[in-house]
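> need the 3D shape of this:
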Amino acid sequence: MTDWEKDLPPIARERLARIGELTQEERQKIADSERLNSLLSEFHQGRTDPEGLWKRLKGEGKPSLLREAQMRLLDSLTFGSTSADLHRNREGLIAIETLKEEQHTPVIESSLRRMEDIRQRYRAEIDRVYAGIRDEVERNPQLRLKQVQQGQGAVMVQLTVEETIEQLPQWRDFLSKHEERYSQEFAAVLGRLRDELA
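Below is the predicted model of the structure:
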């Protein structure tokens, strides 16, 4: 028993004794996970391209590691991901998929196209609604006036069209509901892809 173990309460010492040493399989799993963390970090930082990812994982030859790499790539995707992130992860996912015996490449491509389509529809609808509100604000200068407290009195200030739109409750409400709806749609496609690759 080491010095630090002597300072532990009896219950903690007992639990520590029950845990015991890691098995060879557990140690190997931890080592694999650390190598995968390093490789995916290089991939996300752009220091390794999809081909480099493919080469390094090909040498591993472990189906569970391939699946884990794909799940981590999927985990890094969010509704806020850029088109470049989606494209890079798509290339990485497909590179890994080609190493698997049972491949689902068309599913990956289709799902990622749907995700990008969702993001484009989201942006297009925002632009359309913004343009409509902008026209309304430009036609009605009264909407651009705002009363601001200044000392003991109040002053009327003329806002820009953009400032006015940003403060409109219907615009903020639209953005909130709009993002929620599209992010849920994005998450559903991502969830189905995760299930397909699991």
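> would you mind pulling the contact partners of stretch 170-183?
79, 118, 119, 121, 122, 125, 126, 129, 130, 133, 165, 166 (C-beta atoms under 8 Å, 6 or more residues apart in numbering). No exception for glycine: its C-beta is placed from N, CA and C like everyone else's.
> dump those to TSV, plus distance to residue 195.
As requested, those are arranged in TSV below (distance: C-beta to C-beta, whole Å):
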residue	distance to residue 195
79	18
118	18
119	21
121	23
122	23
125	28
126	30
129	33
130	36
133	39
165	40
166	39
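> drop anything exposed from those.
79, 118, 119, 122, 126, 133, 165 (16 or more other C-beta atoms under 10 Å).
> which two among the residues you listed are spaced furthest apart?
118 and 165 (24.1 Å; C-beta to C-beta).
> now the helix or strand containing residue 176: mean pLDDT?
In this structure, residue 176 is located in helix 169-197 according to DSSP states H and E. The average of the pLDDT scores along helix 169-197 is 94.
> element containing the spatially most central residue of the chain?
Among the residues of the chain, residue 78 comes closest to the average C-alpha position under C-alpha atoms, centre = their mean, at 2.5 Å. Element membership of residue 78 [criterion: DSSP H and E] is none; it lies in no helix or strand.
> for residue 34, give its distance to residue 138.
With distances taken as C-beta to C-beta, to the nearest Å, residue 34 is found 58 Å from residue 138.
> burial of the closest residue to residue 126 other than its chain neighbours, as a residue count?
Excluding the flanking residues, the one nearest residue 126 by C-beta to C-beta, 6 or more residues apart in numbering is residue 178, at 6.6 Å. Residue crowding around residue 178 was assessed by other C-beta atoms under 10 Å; the count is 14.
> and what of residue 107?
Residue 107: 14 surrounding residues under other C-beta under 10 Å.
> what about the spatially closest residue to it that is not a sequence neighbour, distance to residue 58?
Among residues not flanking residue 107 along the chain, residue 196 sits closest, at 5.1 Å (C-beta to C-beta, 6+ apart). For residue 196, the distance to residue 58 under the criterion C-beta to C-beta works out to 22 Å.
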